[in-house]
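>>> curious how this folds, go ahead:
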Amino acid sequence: MEYLLKVKLGALVGLLILTLFIGLIPARMKWFRETSGTETHKVLLSFISCFAGGVFLAACLLDIIPDYLSDIGAELEARAVDTDFPVQEFIMALGFFMVLILERIVLNCSGQSGEESAPLLGHGHGHGHGHGTAGDLEGSSQHVHVDKQAHSSFRSFMLFLSLSLHSVFEGLAIGLQSKESQVLQICIAILVHKSIIVFSLSVKLLQSAVKPFWVLAYVGVFAMMSPLGIGIGISVMEAKLESGTLIQAVLEGLAAGTFIYITFLEILPHELNSPEKPLLKVLFILLGFSIMAALAFIG
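Coordinates of the predicted model:
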């Protein structure tokens, strides 16, 4: 077995186990069944989310996009495709809009489109709901936006569905890489981000009075989504189809668009728009970016 394939399989298993472990922590602690945590707890999660945003930003700008542009450029040149239309950027835009449209459909189906402006994956602070005081909104700052009147099993399922769609595309970015260092860097980015998401999802499910069995089922299925994406990416690369290189390059572009969406529309805006400790948040974003940039430089 090639070393690259071993690294990808290791990332697959590692993501699965760690996501399951972190997602089940709230279910085992009475504190999370009764409250969303103290202010210290919320601020800590916010800093971790900012760190994840920096990691995603570096993975997106320093790894995924450059590699994708190189691969798709070489493939278009090999196929003698000569056009002034920006095909490479258009494919990334398709990935961006694909996730945006899917999320909007989920929001619309869950009946939340007119009630809250925060995306399901948002880490927003103080998004308006049209009810409650400003103090109440500030006090509700947390990584999965909680509407106290929206703790329903159906909404929790729609939240789960939206997050799962994101996870598949995140895993796809790992499975399509051609270098071990890139697999590890992107895996770190996804692991940090997904740990926060699955933790918050588990808290949301518990607050929605979902039965423990279904909490376990939701977390279990969600944990398998990124590994599923990794598996799809590995299959595309291992199949060695006649058009396999082109398919791989196009999927890389879609995955790059997904990373752009998650980074610039999900994590960074909702954290930076929050008034709490803005300079420290920027510091944690820079820290995450710097660590990934250092890894890329060494690699």
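>>> quick one: the helices in this structure, in order.
3-23, 25-28, 30-34, 39-58, 65-78, 87-109, 134-139, 153-175, 180-207, 212-239, 244-261, 268-272, 278-298 (DSSP state H).
>>> residue 189: what's it in contact with?
Contact analysis of residue 189 by Cβ atoms under 8 Å, 6 or more residues apart in numbering lists 52, 55, 56, 58, 59, 292. Bear in mind the C-beta positions are built from the backbone N, C-alpha and C, glycine included.
>>> give me every residue that touches the fourth one.
Right, the one you point to is residue 58. Counting by Cβ under 8 Å, 6+ apart, residue 58 has contacts 185, 189, 288, 289, 291, 292, 293, 296.
>>> where does the stretch 51-200 of the chain dip in pLDDT?
By pLDDT under 70, the low-scoring segments of the stretch 51-200 of the chain are 110-159, 161-163, 165-166, 200.
>>> mind redoing it with 90?
The stretch 51-200 of the chain contains residues with pLDDT under 90 at 51-84, 95, 98-200.
>>> how much space between residue 55 and residue 99?
19 Å (Cβ to Cβ, to the nearest Å).
>>> neighbour count: the two, which is higher?
residue 55 (28 against 25; other Cβ atoms under 10 Å).
>>> quick check: that one touching residue 194?
No. Counting by Cβ atoms under 8 Å, residue 55 stays clear of residue 194, with 11.4 Å between them.
>>> would you mind giving the contacts of residue 58 as CSV with distance to residue 95 added?
Below are the contacts of residue 58 laid out as CSV (distance: Cβ to Cβ, whole Å):
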residue, distance to residue 95
185, 19
189, 16
288, 22
289, 22
291, 25
292, 21
293, 23
296, 22
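>>> and which of those residues is nearest residue 27?
residue 189 (25.8 Å; Cβ to Cβ).
>>> burial check on residue 80, number of neighbours?
With other Cβ under 10 Å as criterion, residue 80 counts 6.
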